[in-house]
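**Student:** 3D, please:
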Amino acid sequence: MSDTDMTLSDAPASRTAVPDGFVHDGEHPQIPVPFTAVIGDRRMEGRSLSVTGAVVTGLLPPNAEGSVRPVTLRFDFEGFSTNLYPEVRVLRQGNEADATYELRFTDPTAGHLAPLRYILNSAIAGDLVSIGQMLGYTGPTKVKTKPPLARRGVAGRAGNGLKRLAILGLSLGLIVVAGQVIHNRVMFSYEGQPVVVSIPGETLRSTAAGQITYVNADAGAGDVIYSISANSGDFLSVEMPCDCDLQALPDFYEGATILPGTALVKLVEPDAGLEARTQVSFEGVARMFAGDEAELVLASGDVVPVSVSLMQGEGMEPGDTVPAELALPDEMAGTLAPGTTARLRFRRTLLPDWFGSTWNDAGTRIGGAWTALVSDLTTE
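**Tutor:** Sure, this is the predicted structure:
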């Protein structure tokens, strides 16, 4: 062992003296507050108090030292008293002849903490005065009144009015939009399959797998429409079979790789109208038979009434779909182009037609205005 170790081991252990007003190390300072402590049937006079314990004088049984017991701390004011009920550990202070005990709280953060802190803070601030064992309150007894607000000018009142009008308008807009959403949920049932608008005619399909090497979208009767270099090594050419119009399909272009049965072109008559086909679900068929009106919702938001003709419908079960053909009104023939997609919906007739259409149009306009307003606010 080195000399330094010997010196350190021989040095007496130093201890920091407990400051005045404290009972033990780490404790909160004791504040002289008059109170009475009741343990069982023994009444003891309080000397001082902190948030972690109390110091009292009085007589206790010999077996009380070191035990944990419930205690009643009573604070007597003018005309009333306040009682706290913490649980304490009884510790004797001084020698056996001294009748001074420390009551250390076993749970300082229990329910008694809030009123105890209020009493201690009032005593520290000087709001509590003691006359013997009686406490008196000398703090403020009236709530501080706020000074009156200055009267707003014309600009302030106008700004406040505009804010209220804006809030009212936004609230009405939200109410109308919510009403439209509920109206659409109750009144309409949308089909999951899209509706494709096309021209009726004969579809020409590829007869072999290969690559398209030639296309002629303006072919007349007897002219070659397209040529295919088949994987088998053959070179196939298809002639225009009639004096009719030709509608090119998505795979009809030079260099396209095709499989047998790929739809390439559709042969249509010059004066042929439009047709629309889709798949209708089991629930949609049930609503159609229940008398719900079928409508076509275009991408532009326009709604077109249509009639639905089922191509088959026998032996359907929930979850099945059936092909259907939609009859479009004559006035829509000039506005719809082949290849247009739309959605089919069924509308219940719970309300008169004029009311339903008016409500729907109003909701659509307000919803569009609300969306534009939110977009402007977010961009700013």
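**Student:** okay, CA-based contacts and neighbour counts for the rest of this
**Tutor:** Fine.
**Student:** could you say what helices and strands the top helix by length along the chain packs with?
**Tutor:** Secondary structure of the chain per DSSP state H: the longest helix is helix 154-187. In terms of contacts (3 or more C-alpha pairs under 8 Å, 6 or more residues apart in numbering; DSSP states H and E), helix 154-187 is packed against helix 353-379.
**Student:** Which positions in stretch 327-342 come out as buried?
**Tutor:** L328, P338, T341, A342 (16 or more other C-alpha atoms under 10 Å).
**Student:** and those residues as a markdown table, adding secondary structure, pLDDT and distance to T203?
**Tutor:** What follows is those, written out as a markdown table (DSSP: H, G, I helix; E, B strand; the rest coil; pLDDT from 0 to 100; distance: C-alpha to C-alpha, whole Å):
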| residue | secondary structure | pLDDT | distance to T203 |
| --- | --- | --- | --- |
| L328 | coil | 77 | 21 |
| P338 | coil | 71 | 14 |
| T341 | strand | 81 | 19 |
| A342 | strand | 85 | 22 |
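**Student:** Now flag whichever of these is closest to A263.
**Tutor:** The closest of the buried residues of stretch 327-342 to A263 turns out to be P338 (C-alpha to C-alpha; 15.6 Å).
**Student:** Count the neighbours of R47 for me.
**Tutor:** 19 (other C-alpha atoms under 10 Å).
**Student:** measure G79 to P34 for me?
**Tutor:** Going from G79 to P34 by C-alpha to C-alpha, to the nearest Å gives 16 Å.
**Student:** These two - which one has more neighbours?
**Tutor:** Under the criterion of other C-alpha under 10 Å, the comparison of G79 against P34 puts P34 first, with 20 against 5.
**Student:** thinking the more buried one is in contact with M44, fair?
**Tutor:** No - between P34 and M44 there is no contact under C-alpha atoms under 8 Å: 11.2 Å.
**Student:** Could I get the contacting residues of the closest residue to R117 other than its chain neighbours?
**Tutor:** Among residues not flanking R117 along the chain, V51 sits closest, at 6.8 Å (C-alpha to C-alpha, 6 or more residues apart in numbering). Applying C-alpha atoms under 8 Å, 6 or more residues apart in numbering to V51 gives the contacts H28, P108, L113, L116, R117.
**Student:** Can I get these in CSV including neighbour count, pLDDT and secondary structure?
**Tutor:** Formatted as CSV, the contacts of V51 follow (neighbours: other C-alpha atoms under 10 Å; pLDDT from 0 to 100; DSSP: H, G, I helix; E, B strand; the rest coil):
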residue, neighbour count, pLDDT, secondary structure
H28, 15, 76, coil
P108, 16, 88, coil
L113, 15, 89, helix
L116, 17, 89, helix
R117, 13, 89, helix
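**Student:** just these now: which is nearest E283?
**Tutor:** L113 (66.0 Å).
**Student:** coming back round to it: so which of the buried residues of stretch 327-342 is the closest to I124?
**Tutor:** Set against I124, the nearest of these by C-alpha to C-alpha is A342 (79.4 Å).
**Student:** Which positions are bridged to the closest one in the beta structure?
**Tutor:** Counting by DSSP bridges, A342 is bridged to V195, L298.
**Student:** how about the helices in the stretch 101-250 of the chain?
**Tutor:** 113-125, 154-187 (DSSP state H, counting those that start in this stretch).
**Student:** Could you point out which of the ones you listed sits nearest V56?
**Tutor:** V56 lies closest to helix 113-125 among the helices of the stretch 101-250 of the chain, at 16.2 Å (C-alpha to C-alpha).
**Student:** got the buried residues for that closest one?
**Tutor:** In terms of neighbour count (16+ other C-alpha under 10 Å), helix 113-125 has its buried residues at L116, L120, S122, A123.
**Student:** With respect to N184, which of those residues is nearest?
**Tutor:** Nearest to N184 out of the buried residues of helix 113-125 is L116 (C-alpha to C-alpha; 61.3 Å).
**Student:** per-residue confidence at the closest residue to that closest one other than its chain neighbours?
**Tutor:** With C-alpha to C-alpha, 6+ apart as the criterion, L116 has its nearest non-adjacent residue at 7.0 Å, and that residue is V51. Looking at V51, its pLDDT reads 89.
**Student:** Kindly report the same for A294.
**Tutor:** For A294, pLDDT reads 84.
**Student:** now do P140
**Tutor:** Confidence score, pLDDT, at P140: 59.
**Student:** Over to the one 5 residues further on?
**Tutor:** T145 carries a pLDDT value of 67.
**Student:** cool, G315 as well?
**Tutor:** 66.
**Student:** Could you do S375 as well?
**Tutor:** At S375, pLDDT is 56.
**Student:** As a markdown table, the helices of the stretch 101-250 of the chain with distance to V238 would be great.
**Tutor:** What follows is the helices of the stretch 101-250 of the chain, written out as a markdown table (distance: least, C-alpha to C-alpha, whole Å):
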| stretch | distance to V238 |
| --- | --- |
| helix 113-125 | 96 |
| helix 154-187 | 50 |
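**Student:** Figure out which of these is closest to S229.
**Tutor:** Among those, helix 154-187 sits nearest to S229 (C-alpha to C-alpha), with 52.9 Å.
**Student:** for the record, mean pLDDT for the closest one?
**Tutor:** 84.
**Student:** Pull out the buried positions in it.
**Tutor:** Buried-residue list, helix 154-187, by 16+ other C-alpha under 10 Å: G173, V176, V177, Q180, M187.
**Student:** ok now that helix, how far from the chain's centre?
**Tutor:** The chain centroid and the centroid of helix 154-187 are separated by 21 Å, computed with C-alpha atoms, centre = their mean, to the nearest Å.
**Student:** Check which residues of stretch 233-246 are buried.
**Tutor:** Buried-residue list, stretch 233-246, by 16+ other C-alpha under 10 Å: L236, S237, V238, M240, C244, D245, L246.
**Student:** can you check stretch 185-205 too?
**Tutor:** Neighbour-count burial for stretch 185-205 [16+ other C-alpha under 10 Å]: 187-191, 195-201, 203.
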